[in-house]
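Asker: Here is the input, now give the coordinates:
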Amino acid sequence: MDSSPDQTLPRYHWKPIIEISGRQNLHSDSVSTTSAPSIEQFSQALTAVGDLIEGVREEQWSAPTPCTDWTVRALVNHLIGMNLVFVSLLGDQAPPERGADRTGNDPAASYRESASALIVAFNRPGVLERTFHGPLGSATGMDRLQIRLYDLLAHGWDLAHATDQPVTLPQDLAEQSLAFAQIQLSSQPRAGRFDLARDISNDAPAIDRLAAFLGRSISGAQEPH
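Answerer: Next comes the predicted model:
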């Protein structure tokens, strides 16, 4: 792996995700009725994305990704940063410093460390049931887990496509995440967070349908009107 930091690395964008969780009280009947993943399933998703990071070749760290402002290294930095943001949210701590390169000399190891810290945070007694209050609203720990999950899976899709790797992400969790995201984002503006959803066949893999819903350009998907 390339151990040299990318001097043009953009900061990870943690605020929009916090705004998504805070724009409304997500612990509503409509959101709660979606099938909720377990912490063990969430851990499997974290591991699957970690495997994709392990598969990045040295020459690919500066390659572009479907997130047009980010290189592969910047995307991995975002994944690490968002894990740490959620650790701080669940621990009632100040968010980590923005703009830092957290990939270090071994991006995969840095990611695994942040993922382990996040699992520890979600496993604390009562975290999933607790409502976390903030200046922009309230959300339960389970809501935050599902928010983190669909962002994680979408960026895992980005990473796989940017590095020519198979999209080996859990399809059952992608299906759950799509259902959650469709409810959560149904009445919220996308500007500054996601492009418009793209039409895609219902027969497409769940991870592709999640990516299309979050505005990714997918072969065979129709452009938004």
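Asker: contacts and neighbour counts: CA atoms only from here.
Answerer: Noted.
Asker: so how many other residues sit close to Thr68?
Answerer: Residue neighbour count, defined by other C-alpha atoms under 10 Å, stands at 7 for Thr68.
Asker: Check the one 10 residues further on too.
Answerer: Residues contacting His78 under the criterion other C-alpha under 10 Å number 26.
Asker: same deal with the one 10 residues further on?
Answerer: For Ser88, the tally of surrounding residues (other C-alpha under 10 Å) stands at 16.
Asker: Doesn't it lie inside a strand?
Answerer: No. Assessed with DSSP: H, G, I helix; E, B strand; the rest coil, Ser88 is helix; it does not lie in a strand.
Asker: any idea how far Leu118 is from it?
Answerer: 9 Å (C-alpha to C-alpha, to the nearest Å).
Asker: before we move on, what about Gly81?
Answerer: 11 Å.
Asker: between these two, who's got more neighbours?
Answerer: Gly81 (27 against 22).
Asker: Can you report phi and psi for the more buried one?
Answerer: Backbone torsions for Gly81, taken as degrees, to the nearest 10, come to phi -60, psi -40.
Asker: I figured it hits Thr103, correct?
Answerer: No. The criterion here is C-alpha atoms under 8 Å, and Gly81 misses it with Thr103 at 9.1 Å.
Asker: pLDDT weak spots in the protein?
Answerer: Along the chain, the parts satisfying pLDDT under 70 run over 1-34, 134-137, 187-193, 220-225.
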